[in-house]
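Q: sequence first, then the predicted structure, then my questions.
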Amino acid sequence: MAYYRPPGPPADPIIVRDLTRLQDEMRTRVRQEALAREPQFIAGCDSSFPTPETILSVFVLLRFPSLELVEKVWSVGPVEVPYIPGLLSFREAPNVLRTYEKLQQKPDVIMVDGHGIAHPRRMGIAAHLGVLLDMPTFGVAKQKLTGTFQEPALTKGSISALTDRNGELLGEVIRSKDKVQPLFVSPGHRCDQATATRLTLACLRGYKLPEPTRLADHWAEEFKKELK
DNA sequence: GCGACAG
DNA sequence: ATCTTGTCGC
């Protein structure tokens, strides 16, 4: 059952019910833990939609902590699921997974554009991808999906907690640059909050977005041109 | 009942 | 996400 009705054409209630069940099953496989060792490579991924029926996904691989770009891959595919808040992963994950396979060097951890457990059912796309890849992942989102928080101070590095009504910690709200809208960082799979936050801060280079996400975003734009 | 709603 | 021009603030 849907927990709310998104604007636009109503989503097929049957599809919503089935995907939600699948999501709840996947949630039972999520683990939160510290990384086994300090990462040598960190990946960033992002997807865009050149046309309403086409998805273009990108993976960038950076050496850590130098953040030097060592690899970038992309792939396009068909869009088969509509955008339904809370079920975003089912729309993007298939193509993201095909893109991941193209990486020559696999990362130690993946920074995903979207939420990790800061999700209504604790299964944002970062956790979803982490379970399917059985890889450490965490999410960095630009907008809140669920939870409440106090506005962090306006200076870079300020942090506040993102919690649900019961006080459960869902993630942390981070001011990645002076006076910009904060980022929402949450663990995905095989990663904990402290690690997610630490890595996000370690990937800042003067921009609002941490390098893995920023570069994935940048290359998505570049690759989009190659389609024409 | 009203509002909220990743990308 | 995507569509779109100029504009305010540092």
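A: Cool, got the structure.

Q: helix, strand, or coil at A:Val50?
A: For the record, residue A:50 is Pro, not Val. In three-state terms, and counting by DSSP: H, G, I helix; E, B strand; the rest coil, A:Pro50 is strand.

Q: does it really touch A:Leu56, like I thought?
A: Yes - assessed by CB atoms under 8 Å, A:Pro50 is found in contact with A:Leu56 at 5.5 Å. For the C-beta atoms, the positions are set from N, CA and C on the backbone; glycine is no exception.

Q: shared neighbours of these two, which are they?
A: A:Val76, A:Lys224, A:Leu227 (CB atoms under 8 Å, 6 or more residues apart in numbering).

Q: show the contacting residues for the residue of chain A found nearest DNA strand C.
A: When scored by CB to the nearest atom of the strand, chain A has A:Ser48 as its residue closest to DNA strand C, at 3.1 Å. Each residue near A:Ser48 by CB under 8 Å, 6+ apart is listed here: A:Ile55, A:Leu56, A:Ala220, A:Glu221, A:Lys224.

Q: so which of A:Pro50 and A:Leu56 has more stuff around it?
A: Neighbours of A:Pro50 and A:Leu56, each counted by other CB atoms under 10 Å, are more numerous for A:Leu56; the result is 23 against 15.

Q: so which elements touch the strand or helix carrying A:Glu92?
A: Using DSSP states H and E, A:Glu92 sits in helix A:88-100. Helices and strands in packing contact with helix A:88-100 are listed as helix A:13-27, strand A:41-51, strand A:54-63, strand A:69-78, helix A:125-133; criterion 3 or more CB pairs under 8 Å, 6 or more residues apart in numbering; DSSP states H and E.

Q: now what about the fourth one, what contacts it?
A: By that I understand strand A:69-78. By CB under 8 Å, 6+ apart, strand A:69-78 touches A:41, A:50, A:53-63, A:94-95, A:98-99, A:102-105, A:215, A:219-220, A:223, A:227.

Q: same question for the first one.
A: The set of residues external to helix A:13-27 that reach it, using CB under 8 Å, 6+ apart, is A:1-2, A:81, A:84, A:86-87, A:89-90, A:121-123, A:127-128, A:131.

Q: and chain A, which residues reach DNA strand C?
A: Residues of chain A lying near DNA strand C by CB under 7 Å from any atom of the strand: A:Ser47, A:Ser48, A:Phe49, A:Pro50, A:Tyr83, A:Asp113, A:Lys142, A:Lys179, A:Lys224.

Q: how about a cut-off of 10 Å?
A: Proximity of chain A to DNA strand C, by CB under 10 Å from any atom of the strand, involves residues A:7-8, A:46-52, A:54-56, A:83, A:88, A:91-92, A:113-114, A:141-143, A:178-179, A:213, A:217, A:220-221, A:224.

Q: hmm, stretch A:192-202 touching DNA strand B?
A: No - Stretch A:192-202 is not in contact with DNA strand B by CB under 10 Å from any atom of the strand; minimum separation 13.5 Å.

Q: rounded mean pLDDT for that stretch, please.
A: Throughout stretch A:192-202, pLDDT has a mean value of 98.

Q: how about that stretch: buried residues?
A: Residues of stretch A:192-202 classed as buried by neighbour count (16 or more other CB atoms under 10 Å): A:Asp192, A:Gln193, A:Thr195, A:Ala196, A:Thr197, A:Leu199, A:Thr200.
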